[in-house]
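Peer 1: Turn this into a structure:
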Amino acid sequence: MLDADWLEPQSADRALSLPAACYVDPEFEQLERAAVFAKGWQLVAHAAQLASPGDHVVAQIGNVPLVIVRGEAELHLPQGRLRALHNVCRHRAGPLATCNGRGARSLVCAYHGWTYALDGQLRGAPEMHTAPGFDMGTLRLPSARVAEWQGLVFAALDGARNDGNHDFDALVAGIEARLASHRLPTYAFDRRVSYELRCNWKVYVDNYLEGYHLPRVHPALNRLLDYRSYGTELADWHSLQSSPLVSTIGPYRGSADGAAEALYWWLWPNTMLNVLPRRLQTNRVVPLDAQRCRVDFDYYYAPGAVIAEDDRAFADSVQAEDTGICEAVQRGLASGSYVAGRLNPVRESGVWHFHELLRSACRSEAVRRQ
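Peer 2: Prediction:
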């Protein structure tokens with residue numbers, strides 16, 4: 001079990017990694033669902049999936065199923081309002097959408113056919129006219145917060161609003177200026193590849209947040225980047241790792257769409273934006289249980305970009321290397337041998353930053369539960 005000492009803030013120059021129990025304990029994984037995922041912004045869709053009224057995408061944040069839907073056109077909003085509705089019928093908890101779709105006129109529960117307008121208001125309840133005092137006008141689907149940014153759609157459960165958590169603008173503050181030359185909203189979706197890993201979601205995030213392992217784990221990627229110039233910049237709710245590109249593979253070459261550099265953003269708690277010339281790759285790390293996670297990779301390319309097979313093969317090989325080391329680390333954490341080790345204050349500043357945000361979230365949740 002964890003003692004309370006690990007929750008105390010640590011300075012970057014003397015920080016220790018998280019205790020092993022944070023990566024293996026099922027009770028801690030349940031705590032995170034409330035402390036982290038119920039209060040953080042999650043990447044849920046690309047704007048192109050929600051271009052027209054009735055277009056919808058199913059998602060889940062923590063334990064809450066959501067349907068992200070574009071509403072009917074309005075006088076001052078001809079495209080329709082974007083909403084993130086709880087995908088849970090007010091009758092007996094049936095699902096309103098079981099897959100992504102286009103152009104729905106309404107949301108209909110798959111269990112008993114209760115029907116909701118695209119704004120979440122109940123509009124039909126078969127045979128309920130015989131129920132004394134039943135009033136459809138009083139029933140509406142709960143909603144989460146939703147934000148559209150750089151062609152990406154994010155959602156956060158409404159509980160985050162009242163818990164001192166950041167708003168979406170704070171999450172991405174300062175990123176757009178560095179992205180300006182890339183014009184990400186014009187990029188088109190190419191493919192999704194999902195990987196299931198036998199490791200805690202934080203093992204994967206820790207690994208992403210440092211280039212310290214590049215020379216040993218990713219020799220080919222290390223030749224693509226300039227390790228000596230590889231740096232990390234920290235913001236309140238995100239961090240950026242960047243490096244000049246010293247080689248070119250596939251479409252990774254400088255052009256009018258951006259300088260020849262690699263930009264790796266991490267957004268609290270589990271979203272990554274990997275930006276190379278003419279290519280965006282997004283990652284979302286989804287906890288499955290205390291010692292397993294799934295990582296969804298979505299690939300987007302600039303108009304006219306040549307989608308090279310060596311790009312796909314290179315990305316797959318890097319992910320295979322990360323999978324191997326992350327699963328080995330998880331075995332070490334679960335072995336009973338590991339005690340928290342010192343972080344490298346230069347190469348692992350992104351890991352320290354992530355751990356401090358996690359500690360803060362868990363402290364807040366502990367206070368809330370008192």
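
Peer 1: use CA for all of it now, contacts and neighbours both
Peer 2: OK.

Peer 1: does Asp169 count as helix, strand or coil?
Peer 2: Going by DSSP: H, G, I helix; E, B strand; the rest coil, the secondary structure assigned to Asp169 is helix.

Peer 1: My error: substitute Asp316 in the last question.
Peer 2: Secondary structure for Asp316, judged by three-state DSSP, is helix.

Peer 1: who's in contact with it?
Peer 2: Applying C-alpha atoms under 8 Å, 6 or more residues apart in numbering, one finds that Asp316 lies in contact with no residue.

Peer 1: Ok, Leu333 next?
Peer 2: Applying C-alpha under 8 Å, 6+ apart as the definition, the contact partners of Leu333 turn out to be 20-21, 23-24.

Peer 1: do Val286 as well
Peer 2: With contacts defined as C-alpha under 8 Å, 6+ apart, Val286 is in contact with 201, 270, 293-296.

Peer 1: Also Arg342?
Peer 2: Taking C-alpha under 8 Å, 6+ apart as the criterion, Arg342 is in contact with 14-17.

Peer 1: now the helices: where do they sit in the stretch 101-250 of the chain?
Peer 2: Using DSSP state H, counting those that start in this stretch, the helices of the stretch 101-250 of the chain run over 168-172, 175-179, 201-208, 214-217, 219-224.

Peer 1: Rebuild the ones you listed as a markdown table, extending it with mean neighbour count, distance to Gln60 and mean pLDDT.
Peer 2: Putting the helices of the stretch 101-250 of the chain into a markdown table (neighbours: other C-alpha atoms under 10 Å; distance: least, C-alpha to C-alpha, whole Å; pLDDT from 0 to 100) gives the following:
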| stretch | mean neighbour count | distance to Gln60 | mean pLDDT |
| --- | --- | --- | --- |
| helix 168-172 | 15 | 18 | 95 |
| helix 175-179 | 12 | 26 | 93 |
| helix 201-208 | 21 | 16 | 98 |
| helix 214-217 | 13 | 32 | 96 |
| helix 219-224 | 16 | 33 | 92 |
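
Peer 1: I'd like the ones you listed as CSV, with distance to Ser349 appended.
Peer 2: Output for those, formatted as CSV (distance: least, C-alpha to C-alpha, whole Å):
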stretch, distance to Ser349
helix 168-172, 18
helix 175-179, 19
helix 201-208, 10
helix 214-217, 15
helix 219-224, 19
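
Peer 1: Would you mind saying which of those helices lies nearest Gln330?
Peer 2: With respect to Gln330, and counting by C-alpha to C-alpha, the nearest of the helices of the stretch 101-250 of the chain is helix 201-208 at 7.1 Å.

Peer 1: The helices of the stretch 101-250 of the chain: which one's closest to Ala320?
Peer 2: Of all those, it is helix 214-217 that lies closest to Ala320, at 10.1 Å by C-alpha to C-alpha.

Peer 1: which strands and helices sit next to that closest one?
Peer 2: The elements that helix 214-217 packs onto, with contact taken as 3 or more C-alpha pairs under 8 Å, 6 or more residues apart in numbering; DSSP states H and E, are helix 219-224, helix 309-333.

Peer 1: Now do the longest one: distance to the chain's middle.
Peer 2: Read it as helix 309-333. For helix 309-333, the separation from the chain centroid amounts to 19 Å (computed by C-alpha atoms, centre = their mean, to the nearest Å).

Peer 1: ok so Tyr300 is a strand residue?
Peer 2: Yes: following the definition three-state DSSP, Tyr300 is counted among the residues of a strand.

Peer 1: where does it sit relative to Glu8, distance-wise?
Peer 2: Between Tyr300 and Glu8 the distance is 40 Å, computed by C-alpha to C-alpha, to the nearest Å.

Peer 1: With Leu16 instead?
Peer 2: For Leu16, the distance to Glu8 (C-alpha to C-alpha) stands at 11 Å.

Peer 1: for Leu276, same thing?
Peer 2: Plainly put, Leu276 is 37 Å away from Glu8 if you go by C-alpha to C-alpha.
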